[in-house]
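J.: please find the sequence and the predicted model below.
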Amino acid sequence: VQLVESGGGLVQPGGSLRLSCAVSGFALDKLVIGWFRQGPGKEREGVASISNSEATYYADSVQGRFTITEDNAKTTLYLEMSGLKPEDTGVYYCAATLFVFSGRSYLQQSVYDYWGQGTQVTVSS
């Protein structure tokens with residue numbers, strides 16, 4: 001499984017941005033995909049996830065502001081971000097796995113096996 005993120009950049013507080021995660025090497029609809037971020041001086045944290053049954057999970061800090069979508073060709077996953085805040089600044093990664101065991105969190109990075117290289121998001125005026 002190969003994952004390539006894109007779409008990061010500089011945006012003002014309150015603005016919007018759409019990140020892309022291009023997936024190859026495996027059918028997207030068979031994968032569990034997670035979005036993670038690592039802010040300056042912070043540990044990497046789970047932001048959002050979509051299961052292979054299309055159930056979605058969001059961290060409390062982004063609930064209502066971030067949304068996971070995918071393209072009709074089922075090759076690219078998106079993270080639609082709105083109402084951005086300076087604390088959303090960080091490197092954003094997408095990650096994939098085939099299965100999440102019962103009782104494990106979809107926002108826990110240790111359940112994911114494949115990772116992209118990341119894309120920088122900076123929220124600043």
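T.: Nice, thanks for sending it over.
J.: the residue nearest to the spatial centre of the chain pairs with what?
T.: What sits nearest the mean C-alpha location of the chain, by CA atoms, centre = their mean, is residue 35, with 2.1 Å. Residues found in beta-bridge contact with residue 35 (criterion: DSSP bridges) are residue 48, residue 94.
J.: what's residue 94 in contact with, if anything?
T.: Remark: with contacts taken as CB atoms under 8 Å, 6 or more residues apart in numbering, residue 94 is in contact with 3, 5, 19, 21, 33, 34, 35, 36, 77, 79, 115, 116. Heads up, the C-betas are built off the backbone N, CA and C, glycines and all.
J.: and which of those is nearest to residue 123?
T.: For those, the minimum distance to residue 123 (CB to CB) is 12.9 Å, reached by residue 19.
J.: measure the closest one to residue 48 for me?
T.: Counting by CB to CB, to the nearest Å, the separation of residue 19 from residue 48 is 10 Å.
J.: adding distance to residue 58, secondary structure and pLDDT, write the contacts of residue 94 out as JSON lines.
T.: Formatted as JSON lines, the entries for the contacts of residue 94 read as follows, by distance: CB to CB, whole Å; DSSP: H, G, I helix; E, B strand; the rest coil; pLDDT from 0 to 100:
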{"residue": "3", "distance to residue 58": "20", "secondary structure": "strand", "pLDDT": "97"}
{"residue": "5", "distance to residue 58": "18", "secondary structure": "strand", "pLDDT": "97"}
{"residue": "19", "distance to residue 58": "14", "secondary structure": "strand", "pLDDT": "98"}
{"residue": "21", "distance to residue 58": "16", "secondary structure": "strand", "pLDDT": "97"}
{"residue": "33", "distance to residue 58": "13", "secondary structure": "strand", "pLDDT": "95"}
{"residue": "34", "distance to residue 58": "11", "secondary structure": "strand", "pLDDT": "96"}
{"residue": "35", "distance to residue 58": "9", "secondary structure": "strand", "pLDDT": "97"}
{"residue": "36", "distance to residue 58": "13", "secondary structure": "strand", "pLDDT": "98"}
{"residue": "77", "distance to residue 58": "14", "secondary structure": "strand", "pLDDT": "95"}
{"residue": "79", "distance to residue 58": "10", "secondary structure": "strand", "pLDDT": "98"}
{"residue": "115", "distance to residue 58": "20", "secondary structure": "strand", "pLDDT": "98"}
{"residue": "116", "distance to residue 58": "19", "secondary structure": "coil", "pLDDT": "97"}
